[in-house]
Structures are given as C-alpha cells and as structure tokens.
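K.L.:
Fold the stuff below for me.
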Amino acid sequence: MPGILKKRKAQHLRLGETGEKIAARFLKSEGMEIYFRDLRLDAAQIDIVARDGRYFVIVEVKTLRARTDVEVKPELQLHQAQKDRLLDAVSEFRRKYNAEDFPIRCDFVEVVMGRFFPEKVKRHENWFTHKSFRKKNSVPFSLKPGKKGYEA
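P.N.:
Predicted coordinates:
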C-alpha cells in the first residue's frame, strides 16, 4: 500500500519560511543568539526572538519576490491590524516569559528573494515602538473582549 502523501504548503507560506530561515542566519552572522523561531502566542506569532547583548529582540520578517518592473518594499506589506497584534504579542511575551525587567527592542528584517537566492536582506533596528507603531484608537490585547486576559 502506498505511503500517505503529504499536503504541499502554499507557495507564499514556503516563501515566508525561507525568508525566516535566511533572516535567522543573517541575525546570527551579526552576533545575535536566536532563542525562538515562530513563537506562537495567544495574541500573534512572533517570527524570531533573539538576544543582542542586553536586549531581547523581537523580529518581524517580511519576504517578497524580486520583480523587474517595480521596486518591492516588504515593510509596506504590514497592515495596521498586524502591527497591533505584534505589539500585543510583545506584551504577552513579557508576561509569559517574565521579561518585564529586560529591555526589549523590536526589529524588522526585509528579505527580497531572487529566483534562487536572496537579493536583499536588510535589518531595521528599533523599527517600531509602542508609541509610534500603534494607532491611537487601537485597543490593547488585554482589553479585547473574548480573548484570554480580558478584564471587565
């Protein structure tokens, strides 16, 4: 009897996984220690959690394919709802891993893939902060009804 066939992942998911692997290698080459990849929390998934000296670094990775007709900008692919979830995940990470006293920095790594190899890997250090990243009318994760941690 033939073995069970594995379902193949969608192309954009494979591209994202490839970009995260490349970003992790890039961060290691810059002297960072990788603690987690694809850390799933209630609020959101954190692509990479690393350590850079005294900082915990939360890293968001965006990967796009290179195009010949236009310049691609991965940072423009992050929508406000995704930004809000990322900040909620940072707060949840602090609570869950007792990291309230540790300085946390949030970086962004953009990966632009050519046909077989990355054409561009760029890290934006301190890419977002709670004040500059969240819209004024956004509600923190702990206050959203129907989610864990909701307090009336």
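
K.L.:
Please count neighbours and contacts with C-alpha atoms only from this point.
P.N.:
Will do.

K.L.:
would Val70 count as being in a strand?
P.N.:
No. Looking at Val70 with DSSP: H, G, I helix; E, B strand; the rest coil, it is coil, so not inside a strand.

K.L.:
Which residue ranges of the chain form strands?
P.N.:
Along the chain, counting by DSSP state E, strands occupy 33-40, 45-52, 55-65, 104-113, 118-124.

K.L.:
Sketch out the low-pLDDT regions of the protein for me.
P.N.:
1-3, 5-6, 129-152 (pLDDT under 70).

K.L.:
Pick out the residue closest to the middle of it.
P.N.:
With distances taken as Cα atoms, centre = their mean, Glu60 lies nearest the centre of the chain, 2.4 Å away.

K.L.:
ok, now which ones touch that residue?
P.N.:
Contacts for Glu60 (Cα atoms under 8 Å, 6 or more residues apart in numbering) come out as Ile46, Asp47, Ile48, Cys106, Asp107, Phe108, Val109.

K.L.:
Help me confirm that Arg54 comes into contact with Ala99.
P.N.:
No. The criterion here is Cα atoms under 8 Å, and Arg54 misses it with Ala99 at 11.9 Å.

K.L.:
Between these two, which is the more surrounded one?
P.N.:
Ala99 (14 against 9; other Cα atoms under 10 Å).

K.L.:
excluding its backbone neighbours, what's nearest Val61?
P.N.:
Val109 (4.9 Å; Cα to Cα, 6 or more residues apart in numbering).

K.L.:
In contact with that neighbour: list those residues for me.
P.N.:
Residues counted as contacts of Val109 (Cα under 8 Å, 6+ apart) are Ala23, Val59, Glu60, Val61, Lys62, Val121, Lys122, Arg123, His124.
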